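Trainee: Predicted model, plus sequence, below.
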Amino acid sequence: MDAAGCVFEFVVFSPAPGAPVDETLHRQALAGMGCFLAASRENRQAAQTGHYLPEVYDPQADSDWQVHKASATALSPAQRRNLTLSEDYANDLLALYAPFSNPPYGTRFKDGEAQSRATFQEWLDVLGLQDRDNVVVLDWVNGYTFNWIGTTESPLPEWEPWSEYFEDGLEWWGIWCLTVWNPERNTLSVLVASATD
């Protein structure tokens, strides 16, 4: 995905057996994503091998990733299904294939659209994002839109996102932050994206 120019980052966790999978656990997975992003800035290869989680999580360690300020919105079955489609999807903010295949600088899949669709389906499989009733998807940036106030010379954002990570995407392309619980696989995944040109 990186080589093709996709801008999504993701991590996949396996919760401890018997752990209650509630919003608190989803939020902890978000915190893990913050650790991954911080480690990626330092050494992307080390972060991708999984060596980024601290032994004890300190929410103050990365003051830019303020998960305690994030608010979750559970997606409906129709919204979850739309996320999994690579064609004939409803072209709204929750159509995941379009931003996957068309980030600000485009993608460069060697075999074109066919490889893009195949990679997208493989990615969904890794995330555990399937069109099943028991899959739970929470959107952590629901309703955030680009809305500048002020003058053309000195625009100011009307609100502050819970992480500076999302500021670039709010310029025009968009932002993503979803957690995905798949009980059959015992995976809790986080995907994020924020990009601009």
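Mentor: Yes, it's here. Residues are numbered from 1 along each chain as shown.
Trainee: Every contact and neighbour count from this point should use C-alpha atoms.
Mentor: Noted.
Trainee: Gln28 versus Phe13, what's the distance?
Mentor: Per CA to CA, to the nearest Å, Phe13 is found 10 Å from Gln28.
Trainee: again but with Gln79, I slipped
Mentor: 23 Å.
Trainee: got it, and Val7?
Mentor: Look at Val7 and Gln28: by CA to CA, they are 23 Å apart.
Trainee: neighbour-wise, which of the two wins?
Mentor: A side-by-side neighbour count of Val7 and Gln28, using other CA atoms under 10 Å, places Val7 first with 21 against 14.
Trainee: so which helix or strand takes in the residue lying closest to that one once chain neighbours are set aside?
Mentor: Distances taken as CA to CA, 6 or more residues apart in numbering place Ala193 nearest to Val7, at 6.0 Å, with adjacent residues excluded. Here Ala193, judged by DSSP states H and E, is contained in strand 187-194.
Trainee: Please enumerate the helices of this structure.
Mentor: 23-42, 44-48, 77-83, 97-101, 112-127 (DSSP state H).
Trainee: who wins for proximity to Pro161 among those helices?
Mentor: helix 23-42 (14.3 Å; CA to CA).
Trainee: for the record, mean pLDDT for that closest one?
Mentor: Averaging pLDDT along helix 23-42 yields 89.
Trainee: now it against strand 187-194, angle please.
Mentor: For helix 23-42 against strand 187-194, the angle between stretch directions is 50 degrees (axes from the mean of the first three to the mean of the last three CA atoms, to 10 degrees).
Trainee: and helix 23-42, which residues are buried?
Mentor: 25-27, 29-39 (16 or more other CA atoms under 10 Å).
Trainee: and which of those is nearest Trp172?
Mentor: Comparing the buried residues of helix 23-42 against Trp172 with CA to CA places Leu37 closest, at 21.7 Å.
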